[in-house]
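Engineer: here is a sequence with its predicted model. Questions after.
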Amino acid sequence: MVRQIAFMNQKGGVGKTTTAVNIAAGIAKAGRKVLLVDLDPQAHATLHLGVGTSSESDAQRTPTIYDLLLDPAVTLESVVRPARPNLDLLPAETDLAAAETELATETDRLTRLRNAIDKAQSNGAGYQYVLMDCPPSLGVLTLNALACVREVFIPMQAQFLALQGVGKMMQTVALVGRTVNPNLHVTGVILCCHDSTTTHGREVVADLDGFFEQARGTDVPWRNGRVYRPVIRRNVKLQEAPSFGQTIYEYAPKCAGAEDYGALAVNMVKEWDELLARQDASVVTRGAARAAVKA
């Protein structure tokens with residue numbers, strides 16, 4: 001199984017791209033093959049990894065996700081760029097903003113990304129994780145991501161206004177789940193730029209924990225969600241790293257941001273490996289039971 005995750009928040013400036021890039025890099029450091037998809041026309045994930053997408057002439061222009069979404073003849077393999085060991089990037093560019101309008105009349109506009117990734121996987125791409133950095137809006141680009149993935153992670157800051165927006169994002173995920181992707185669910189919240197010393201911050205975290213706890217046993221897409229730990233502590237190095245085209249592990253490997261994102265990535269790999277192991281054991285058990293019945 002491939003773990004497919006969309007990092008989504010309809011509020012900008014919350015650490016969404018920083019989280020997507022450094023989680024992707026952390027998982028790649030753990031030896032898993034990762035595809036990071038930059039779906040934001042600002043192309044911040046692409047810039048963060050130091051991958052250039054422009055050239056002096058159109059003839060030499062590097063293709064991006066814009067080409068993949070607009071031209072069915074373009075393959076994922078022709079667009080992805082190796083960014084780090086085990087980490088490939090599907091880069092973005094500012095022209096991607098026009099895709100919202102250009103895809104408006106296409107009947108398959110919400111499934112083009114999913115179809116391209118599925119085809120690449122069938123051809124042996126071998127990605128174990130597909131992570132998507134969504135734009136801070138609910139348009140065709142974000143819907144392409146939500147149609148493709150199974151999980152939604154919400155990076156956010158522990159602030160009152162951010163907390164108010166979580167409920168609306170949950171409703172959005174529920175709506176997309178009913179209409180586009182029934183496998184979609186919210187796995188949890190990642191707290192960014194967090195200061196655990198403030199009373200307000202602690203209160204917001206407690207409210208989030210309570211929100212997820214109340215959903216247990218219900219039929220909502222966030223019933224198994226939780227606030228992920230460790231939280232990402234406020235750290236200026238995380239803000240500086242993108243300007244050098246580096247992940248936090250390259251720019252400041254000893255800082256708090258590298259420790260927090262690294263631990264979170266390792267925890268995510270561990271929980272997924274454990275889930276796959278349980279599924280494998282279940283398959284073996286069912287196979288043995290069927291063999292015993294036949295005998």
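Structural biologist: Cool, the structure landed.
Engineer: in the stretch 51-200 of the chain, what residue spans correspond to helices?
Structural biologist: All helices of the stretch 51-200 of the chain, identified by DSSP state H, counting those that start in this stretch, fall at 65-70, 99-102, 112-122, 140-148, 160-179, 199-215.
Engineer: now those helices as TSV including mean neighbour count?
Structural biologist: Where C-beta positions appear, they are placed from N, C-alpha and C, glycine not excepted. Conversion of these to TSV gives the following (neighbours: other CB atoms under 10 Å):
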stretch	mean neighbour count
helix 65-70	22
helix 99-102	16
helix 112-122	18
helix 140-148	23
helix 160-179	15
helix 199-215	15
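Engineer: among those, which is nearest Thr247?
Structural biologist: Between Thr247 and these, the shortest separation by CB to CB is 20.1 Å, and it involves helix 65-70.
Engineer: what mean pLDDT does the closest one have?
Structural biologist: Averaged across helix 65-70, pLDDT comes to 96.
Engineer: what packs against that helix?
Structural biologist: With contacts defined as 3 or more CB pairs under 8 Å, 6 or more residues apart in numbering; DSSP states H and E, the secondary structure elements packing on helix 65-70 are helix 99-102, helix 112-122.
Engineer: look up how far Leu175 lies from Ile27.
Structural biologist: 29 Å (CB to CB, to the nearest Å).
Engineer: and what of Ala206?
Structural biologist: 28 Å.
Engineer: likewise for Asp108?
Structural biologist: Using CB to CB, one gets 20 Å for the distance from Asp108 to Leu175.
Engineer: still on that earlier bit, next, format the helices and strands packed on helix 65-70 as TSV and append mean pLDDT and distance to Glu151.
Structural biologist: TSV is the format used below for those (pLDDT from 0 to 100; distance: least, CB to CB, whole Å):
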stretch	mean pLDDT	distance to Glu151
helix 99-102	92	24
helix 112-122	96	14
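Engineer: of all those, which lies closest to Pro155?
Structural biologist: For Pro155, the closest of those is helix 112-122, at 20.5 Å, according to CB to CB.
Engineer: figure out how far that closest one is from the centre of its chain.
Structural biologist: Using CA atoms, centre = their mean, to the nearest Å, the mean C-alpha position of helix 112-122 is found 16 Å from that of the whole chain.
Engineer: ok, now stretch 148-157?
Structural biologist: 6 Å.
Engineer: cool, stretch 214-231 as well?
Structural biologist: Computed by CA atoms, centre = their mean, the separation of stretch 214-231 from the middle of its chain amounts to 17 Å.
Engineer: what mean pLDDT does it have?
Structural biologist: When pLDDT is averaged along stretch 214-231, the result is 94.
Engineer: may I see the buried residues of that stretch?
Structural biologist: Along stretch 214-231, the positions that meet the burial threshold by neighbour count (16 or more other CB atoms under 10 Å) are 215, 220-222, 225-228, 230-231.
Engineer: quick one: contacts of it?
Structural biologist: Contacts to stretch 214-231, defined as CB atoms under 8 Å, 6 or more residues apart in numbering, come from residues 153, 170, 173-174, 177, 184-192, 194, 196, 205, 208-209, 212, 260, 263-264, 267.
Engineer: which stretch among the helices of the stretch 51-200 of the chain comes nearest Leu276?
Structural biologist: helix 112-122 (16.3 Å).
Engineer: just the C-alpha atoms of the closest one, please, in CSV.
Structural biologist: The C-alpha atoms that make up helix 112-122 are tabulated as CSV, following Å, rounded to 0.1, in the frame of the first residue of the first chain:
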residue,chain,number,x,y,z
ARG,A,112,-6.3,14.0,-13.7
LEU,A,113,-3.6,14.0,-11.0
ARG,A,114,-4.9,10.7,-9.5
ASN,A,115,-4.9,9.1,-13.0
ALA,A,116,-1.3,10.3,-13.7
ILE,A,117,0.0,9.0,-10.4
ASP,A,118,-1.8,5.6,-10.7
LYS,A,119,-0.4,5.2,-14.2
ALA,A,120,3.2,5.9,-13.0
GLN,A,121,2.8,3.5,-10.1
SER,A,122,1.6,0.8,-12.5
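Engineer: any idea of the angle that helix forms with helix 140-148?
Structural biologist: Orientation of helix 112-122 against helix 140-148 (axes from the mean of the first three to the mean of the last three CA atoms, to 10 degrees) gives an angle of 40 degrees.
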